[in-house]
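S.K.: Coordinates for the following, if possible.
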Amino acid sequence: MNPTNPFKTAVFILLAVSAVFLVSCGKKGLPVMPGLDPPPGVTDLSYSIDQDMLKLEWTVPEQFHSAKGSWTGFVVYRSRVSLSGEVCQGCPVMFKPVADLPIGTGKPDKRFAGKMVYSEVLEKFCQYVYKVSPRSDGNASGADSNYVEFKY
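M.R.: Here you go, the predicted structure:
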């Protein structure tokens, strides 16, 4: 019998693993639908509250319509946590989609440009976090906006 040298075995395994990483191809990252260039995210999401009515506002980025693909609207996401329970510090924010707002279709010069608005009634004694994200007609998502966060 020919016993194997543990040093040679370790070197061989190290070289084999390195070779796999060196010959791997392709761009690393999240998959993107072919033919879509993600538009820039919204950077000016803001809110106001009048009695128990929330109003979110943001500007459609100028580059939204020039991005390659069919970006057709925005999805509003909300996280709502009751303040009566224990709030988990450091836990990830769990968002749920609450609205899908179309901006219009057609040629870029005929699409909506300017401010978008979303309103809803708030429940008392909750902590809220909102964000918006552009979406395509194929339901691809663009970059998230800034977050707005408040207690009500």
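S.K.: Pick out the least confidently modelled helix or strand of this structure, by mean pLDDT.
M.R.: helix 6-23 (a mean of 72; mean pLDDT, DSSP states H and E).
S.K.: any low-confidence regions in this structure?
M.R.: For the chain, the stretches with pLDDT under 70 are 1-4, 18-37, 64-70, 104-113.
S.K.: Strands of that one, start to end?
M.R.: With strands called from DSSP state E, the chain shows them at 46-50, 53-59, 71-82, 96-102, 115-121, 126-136, 148-151.
S.K.: Can you list the strands that the last one pairs with?
M.R.: Right, strand 148-151. When pairs are called by DSSP bridges, strand 148-151 turns out to pair with strand 126-136 (antiparallel).
S.K.: on that earlier part again, quick one: closest of the strands of the chain to V11.
M.R.: Proximity to V11 (C-beta to C-beta) singles out strand 126-136 among these, at 48.1 Å. (Each C-beta comes from the backbone N, C-alpha and C, glycine too.)
S.K.: between that closest one and strand 115-121, how many degrees?
M.R.: In terms of direction (axes from the mean of the first three to the mean of the last three C-alpha atoms, to 10 degrees), strand 126-136 departs from strand 115-121 by 140 degrees.
S.K.: Can you check what angle separates strand 126-136 from strand 71-82?
M.R.: Using the same axes, to 10 degrees, one finds that strand 126-136 and strand 71-82 are set 160 degrees apart in direction.
S.K.: Could you list the buried residues of strand 126-136?
M.R.: Buried residues in strand 126-136, counted by 16 or more other C-beta atoms under 10 Å: Y128, V129, Y130, K131, V132, S133, P134, R135, S136.
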